[in-house]
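Novice: the sequence and its predicted three-dimensional model are supplied below.
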Amino acid sequence: MTEGKEWSLQELDSSGSPVGQAQPVQAPKPGFTTSEPADGRVGELYAFKVTSSSPRTVRYEVTSGALPAGLSLNKDTGGITGVPTAPGTKRFTIIARNNGIMPDAEVTYSLQVTRG
């Protein structure tokens with residue numbers, strides 16, 4: 001699928017006859033729909049989910065930097081969870097892999113952890 005490619009979809013009834021007008025569709029630009037993650041606190045459960053704008057994302061990966069100590073990324077869901085163990089700010093880049101069907105998407109976040 002190529003970003004920006006356009007086509008149309010036509011709904012059909014059970015006999016194969018068109019229903020209504022054909023609707024234009026455009027392939028989305030690969031990216032992320034989530035804003036910066038909320039701050040975390042040492043010793044408190046943390047949860048944040050990154051979301052790709054592509055319905056074809058099959059894997060999320062941290063490709064540079066690092067998540068705060070105690071947190072991990074679920075590569076299948078994009079969930080960042082855990083219990084932070086140290087204060088500080090970490091900067092990291094996540095890529096949403098789109099299995100070659102669409103270009104991969106990339107985003108860089110900063111996540112601050114404060115003392116509990």
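Specialist: Right, received. Where do you want to start?
Novice: please count neighbours and contacts with C-alpha atoms only from this point.
Specialist: Fine.
Novice: quick check: the gap between the residue of the chain positioned farthest from its centre and Ala22.
Specialist: Largest separation from the mean C-alpha position in the chain: Ser15, at 38.8 Å (C-alpha atoms, centre = their mean). Going from Ser15 to Ala22 by C-alpha to C-alpha, to the nearest Å gives 17 Å.
Novice: what about this structure, any weak spots by pLDDT?
Specialist: 1-5, 27-28 (pLDDT under 70).
Novice: in it, which spans are strands?
Specialist: 6-9, 23-26, 40-41, 46-49, 59-65, 71-73, 79-82, 88-97, 105-114 (DSSP state E).
Novice: is it possible to export those strands to CSV including mean neighbour count?
Specialist: Formatted as CSV, the strands of the chain follow (neighbours: other C-alpha atoms under 10 Å):
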stretch, mean neighbour count
strand 6-9, 10
strand 23-26, 11
strand 40-41, 20
strand 46-49, 16
strand 59-65, 16
strand 71-73, 18
strand 79-82, 17
strand 88-97, 18
strand 105-114, 17
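Novice: look up how far Gln23 lies from Asn74.
Specialist: Counting by C-alpha to C-alpha, the gap from Asn74 to Gln23 is 35 Å.
Novice: do me a favour and get the end-to-end distance for stretch 98-113?
Specialist: Taking C-alpha to C-alpha as the criterion, the two ends of stretch 98-113 lie 30 Å apart.
Novice: quick one: contacts of it?
Specialist: 1-3, 30-32, 36-42, 52, 54, 56-59, 67-68, 84, 86-97 (C-alpha atoms under 8 Å, 6 or more residues apart in numbering).
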